[in-house]
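*Asks:* Give the three-dimensional model of this entry:
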Amino acid sequence: MLGLVPGAKPDQGVHALGLGEITSNPWVFKCMGRVYSAARSGGAVVIWDVTDITRPFPVGRAEPGSEDLWSVHTPRGMLAGRTDGTLYAIAALREASLPAGGPPPGPFGP
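*Replies:* Below you'll find the model as predicted:
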(Lines give C-alpha, C1' and ligand atoms only; values in the text may rest on other atoms or scores of the structure.)
Protein backbone atom coordinates (compact mmCIF):
# COMPACT_ATOMS: atom_id res chain seq x y z
CA MET A 1 0.00 0.00 0.00
CA LEU A 2 1.29 3.47 -0.80
CA GLY A 3 1.32 6.25 1.77
CA LEU A 4 1.23 4.38 5.06
CA VAL A 5 1.04 6.69 8.03
CA PRO A 6 4.55 6.89 9.55
CA GLY A 7 4.76 5.08 12.89
CA ALA A 8 1.35 3.41 12.59
CA LYS A 9 0.99 -0.20 13.59
CA PRO A 10 -0.91 -2.68 11.37
CA ASP A 11 -3.66 -3.20 13.96
CA GLN A 12 -4.33 0.54 14.28
CA GLY A 13 -6.36 1.00 11.10
CA VAL A 14 -3.47 1.96 8.82
CA HIS A 15 -4.55 4.03 5.83
CA ALA A 16 -3.02 5.89 2.93
CA LEU A 17 -2.08 9.42 3.92
CA GLY A 18 -4.15 11.81 1.84
CA LEU A 19 -3.01 15.19 0.59
CA GLY A 20 -5.73 16.80 2.72
CA GLU A 21 -4.04 15.42 5.85
CA ILE A 22 -0.70 17.14 5.20
CA THR A 23 -0.10 20.08 7.54
CA SER A 24 2.44 22.90 7.62
CA ASN A 25 4.76 20.57 9.54
CA PRO A 26 6.68 18.62 6.88
CA TRP A 27 6.04 14.89 6.43
CA VAL A 28 8.89 12.81 5.04
CA PHE A 29 8.23 9.93 2.61
CA LYS A 30 10.38 7.38 0.83
CA CYS A 31 9.25 6.54 -2.66
CA MET A 32 11.10 4.72 -5.47
CA GLY A 33 14.53 5.05 -3.80
CA ARG A 34 14.23 8.77 -3.07
CA VAL A 35 13.23 10.83 -0.03
CA TYR A 36 10.53 13.50 -0.29
CA SER A 37 9.13 16.13 2.03
CA ALA A 38 5.55 17.40 1.80
CA ALA A 39 4.12 20.37 3.69
CA ARG A 40 1.05 22.60 3.40
CA SER A 41 1.76 26.15 2.24
CA GLY A 42 -0.97 28.63 1.40
CA GLY A 43 -3.60 25.95 0.82
CA ALA A 44 -1.40 23.87 -1.49
CA VAL A 45 0.86 20.95 -0.60
CA VAL A 46 4.43 21.64 -1.71
CA ILE A 47 6.60 18.59 -2.41
CA TRP A 48 10.42 18.62 -2.31
CA ASP A 49 13.01 15.96 -3.10
CA VAL A 50 15.27 15.91 -0.04
CA THR A 51 17.30 12.81 -0.89
CA ASP A 52 20.45 14.96 -0.83
CA ILE A 53 19.85 17.20 2.17
CA THR A 54 22.51 19.63 0.96
CA ARG A 55 20.60 20.22 -2.31
CA PRO A 56 16.84 19.87 -1.84
CA PHE A 57 14.79 20.82 -4.88
CA PRO A 58 11.07 21.27 -5.53
CA VAL A 59 9.32 18.56 -7.52
CA GLY A 60 5.88 20.16 -7.56
CA ARG A 61 2.74 21.11 -5.74
CA ALA A 62 -0.78 19.81 -5.28
CA GLU A 63 -3.75 22.16 -5.14
CA PRO A 64 -7.26 21.27 -4.00
CA GLY A 65 -9.67 20.70 -6.86
CA SER A 66 -13.15 19.38 -7.34
CA GLU A 67 -14.52 15.99 -6.26
CA ASP A 68 -11.99 15.61 -3.41
CA LEU A 69 -9.14 15.27 -5.92
CA TRP A 70 -6.07 17.48 -5.95
CA SER A 71 -4.42 18.82 -9.12
CA VAL A 72 -0.74 17.92 -9.08
CA HIS A 73 1.59 20.26 -11.00
CA THR A 74 5.30 20.20 -11.80
CA PRO A 75 7.43 23.26 -10.91
CA ARG A 76 6.95 24.40 -14.53
CA GLY A 77 3.16 24.29 -14.17
CA MET A 78 2.49 21.11 -16.17
CA LEU A 79 -0.43 19.04 -14.85
CA ALA A 80 1.02 15.69 -13.76
CA GLY A 81 -2.24 14.18 -12.53
CA ARG A 82 -5.18 14.34 -10.17
CA THR A 83 -5.26 12.31 -6.95
CA ASP A 84 -6.00 12.49 -3.27
CA GLY A 85 -3.05 10.34 -2.15
CA THR A 86 0.29 11.87 -1.17
CA LEU A 87 2.53 9.13 -2.53
CA TYR A 88 0.45 8.88 -5.68
CA ALA A 89 1.12 12.61 -6.18
CA ILE A 90 4.86 12.05 -5.64
CA ALA A 91 4.85 9.16 -8.13
CA ALA A 92 3.01 11.26 -10.73
CA LEU A 93 5.48 14.14 -10.31
CA ARG A 94 8.45 11.82 -10.58
CA GLU A 95 7.03 10.22 -13.73
CA ALA A 96 6.35 13.64 -15.27
CA SER A 97 9.93 14.80 -14.65
CA LEU A 98 11.77 11.58 -15.50
CA PRO A 99 12.36 10.84 -19.17
CA ALA A 100 11.90 7.18 -20.10
CA GLY A 101 15.12 5.34 -19.29
CA GLY A 102 16.79 8.53 -18.11
CA PRO A 103 18.57 9.33 -14.86
CA PRO A 104 16.56 10.29 -11.77
CA PRO A 105 15.60 13.97 -11.60
CA GLY A 106 17.89 16.26 -9.68
CA PRO A 107 18.48 19.92 -9.03
CA PHE A 108 20.41 20.20 -12.30
CA GLY A 109 18.34 17.70 -14.31
CA PRO A 110 14.95 17.82 -16.01
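
*Asks:* which residues does the residue nearest in space to the middle of the chain contact?
*Replies:* Using CA atoms, centre = their mean, the residue of the chain that lies closest to the mean C-alpha position is Ile90, 3.2 Å off. Taking CB atoms under 8 Å, 6 or more residues apart in numbering as the criterion, Ile90 is in contact with Phe29, Cys31, Tyr36, Ala38, Ile47, Val59. Where C-beta positions appear, they are placed from N, C-alpha and C, glycine not excepted.

*Asks:* so how far is Ala39 from Ala89?
*Replies:* 13 Å (CB to CB, to the nearest Å).

*Asks:* joint contacts of those two?
*Replies:* Where contact means CB under 8 Å, 6+ apart, the residues bridging Ala89 and Ala39 through contact with each are Val45.

*Asks:* which stretches of this structure have low pLDDT?
*Replies:* Low-confidence regions of the chain, defined by pLDDT under 70, span residues 1-16, 98-110.

*Asks:* redo that, cut-off 80
*Replies:* Regions of the chain meeting the criterion pLDDT under 80 cover residues 1-17, 32, 66-67, 97-110.

*Asks:* Show me the helices in it, by range?
*Replies:* 86-97 (DSSP state H).

*Asks:* quick one, strands of this structure?
*Replies:* Using DSSP state E, the strands of the chain run over 27-31, 34-41, 44-49, 57-64, 70-73, 79-83.

*Asks:* Let's have the ones you listed in JSON lines, adding mean neighbour count and distance to Gly20.
*Replies:* Rendered in JSON lines, the data for those read as follows (neighbours: other CB atoms under 10 Å; distance: least, CB to CB, whole Å):
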{"stretch": "strand 27-31", "mean neighbour count": "16", "distance to Gly20": "12"}
{"stretch": "strand 34-41", "mean neighbour count": "18", "distance to Gly20": "9"}
{"stretch": "strand 44-49", "mean neighbour count": "22", "distance to Gly20": "9"}
{"stretch": "strand 57-64", "mean neighbour count": "20", "distance to Gly20": "8"}
{"stretch": "strand 70-73", "mean neighbour count": "22", "distance to Gly20": "8"}
{"stretch": "strand 79-83", "mean neighbour count": "17", "distance to Gly20": "11"}
